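Q: Fold the following.
(chains A and B)
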Amino acid sequence: KNEVEQSPQNLTAQEGEFITINCSYSVGISALHWLQQHPGGGIVSLFMLSSGKKKHGRLIATINIQEKHSSLHITASHPRDSAVYICAVRSGGATNKLIFGTGTLLAVQP
Amino acid sequence: NAGVMQNPRHLVRRRGQEARLRCSPMKGHSHVYWYRQLPEEGLKFMVYLQKENIIDESGMPKERFSAEFPKEGPSILRIQQVVRGDSAAYFCASSFAQGNFQETQYFGPGTRLLVL
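A: Below is the predicted model:
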């Protein structure tokens, strides 16, 4: 079983829909990241969370440390939101390496 | 303020050759991470370096792979005697850290390595 699990693996939505991507993890963490990757493209860091909730534009990320769960929400989705969204947790201790989920491929259709 | 720079962006090598991937962290960042993304797979941690030190290399293959982050210049990921299975996207990330505080990691555009 992966240490970081994402769901769904694939998601197709109509423009304007509210989207939720979920991430569950089984290890102790110091922070959780949400990343965005366009096909063949680079990786953009959207959020880094250690507690609570963060909002940036149409994106909202929440984390529940007790339940080891995080969600990424996209409001009023747009075709340009189409990308792979990756959850990654940062382990604690001396190393700051990220452990990645397998990603959620989002396609927003006009 | 330039972001994380990686070069080359694309690299083609024949089996048995050496591949050198470079990463220049963001200005002021002294921590560098290398990650690999194999085709149709997720990202995997390889190595974490600070200036002149390897902090964690638990994700590095035991043979043919090495990494350095010298006092001056970029971080280098070196793959000797490449094989087809090394074909992947290699991403570098950098962060600022002071004491126990860790800032987010900023990713470079990646180097796509193709081994023929």
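Q: how about the nearest residue to A:Glu17 once chain neighbours are set aside, what does it touch?
A: Ranked by C-beta to C-beta, 6 or more residues apart in numbering or on different chains and with sequence neighbours excluded, the top spatial neighbour of A:Glu17 is A:Ser77, at 5.2 Å. To be clear about C-beta, it is placed using only N, CA and C from the backbone, and glycine gets the same treatment. The contact partners of A:Ser77, taken as C-beta atoms under 8 Å, 6 or more residues apart in numbering or on different chains, are A:Ala13, A:Gln14, A:Glu15, A:Gly16, A:Glu17, A:Phe18, A:Ile19, A:Arg58, A:Val108.
Q: Listing request: residues of the chain with sub-threshold pLDDT.
A: All of this is about chain A. A:1, A:93-94 (pLDDT under 70).
Q: actually chain B
A: Counting by pLDDT under 70, the ranges of chain B that qualify are B:1, B:98-102.
Q: which residues of the chain fall in strands?
A: Went with chain A since none was named. Applying DSSP state E to chain A gives strands spanning A:4-7, A:10-14, A:19-25, A:29-37, A:43-49, A:52-56, A:59-64, A:69-74, A:83-91, A:98-100, A:104-109.
Q: ah, no, chain B please
A: Ranges of strands in chain B, per DSSP E, are B:5-7, B:10-13, B:19-24, B:31-37, B:43-50, B:53-56, B:65-68, B:75-79, B:88-95, B:97-98, B:101-102, B:106-107, B:111-115.
Q: quick revisit: for the contacts of A:Ser77, work out which two are farthest apart.
A: When these are compared pair by pair using C-beta to C-beta, the two farthest from each other are A:Gln14 and A:Arg58, 15.3 Å apart.
Q: Those two: which has the busier surroundings?
A: Neighbour tally, A:Gln14 and A:Arg58, criterion other C-beta atoms under 10 Å in any protein chain shown: the higher count belongs to A:Arg58, 14 against 9.
Q: For the strands of chain A, could you give me a markdown table that also reports distance to chain B?
A: As requested, the strands of chain A are arranged in a markdown table below (distance: least, C-beta to the nearest C-beta, whole Å):
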| stretch | distance to chain B |
| --- | --- |
| strand A:4-7 | 9 |
| strand A:10-14 | 13 |
| strand A:19-25 | 13 |
| strand A:29-37 | 7 |
| strand A:43-49 | 4 |
| strand A:52-56 | 11 |
| strand A:59-64 | 12 |
| strand A:69-74 | 15 |
| strand A:83-91 | 7 |
| strand A:98-100 | 4 |
| strand A:104-109 | 11 |
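Q: Is B:Trp34 bridged to anything, and to what?
A: Each beta-bridge partner of B:Trp34 is listed here: B:Val47, B:Cys92, as defined by DSSP bridges.
Q: That one touches B:Ile54, doesn't it?
A: No - counting by C-beta atoms under 8 Å, no contact exists between B:Trp34 and B:Ile54, whose distance comes to 10.7 Å.
Q: re earlier: from the contacts of A:Ser77, list the buried ones, please.
A: Using 16 or more other C-beta atoms under 10 Å in any protein chain shown as the burial test, the contacts of A:Ser77 include A:Ala13, A:Ile19, A:Val108 as buried.
Q: Check the contact lists of B:Trp34 and B:Ile54 and give me the overlap.
A: The overlap between the contact sets of B:Trp34 and B:Ile54 (C-beta under 8 Å, 6+ apart) consists of B:Val47, B:Ala67.
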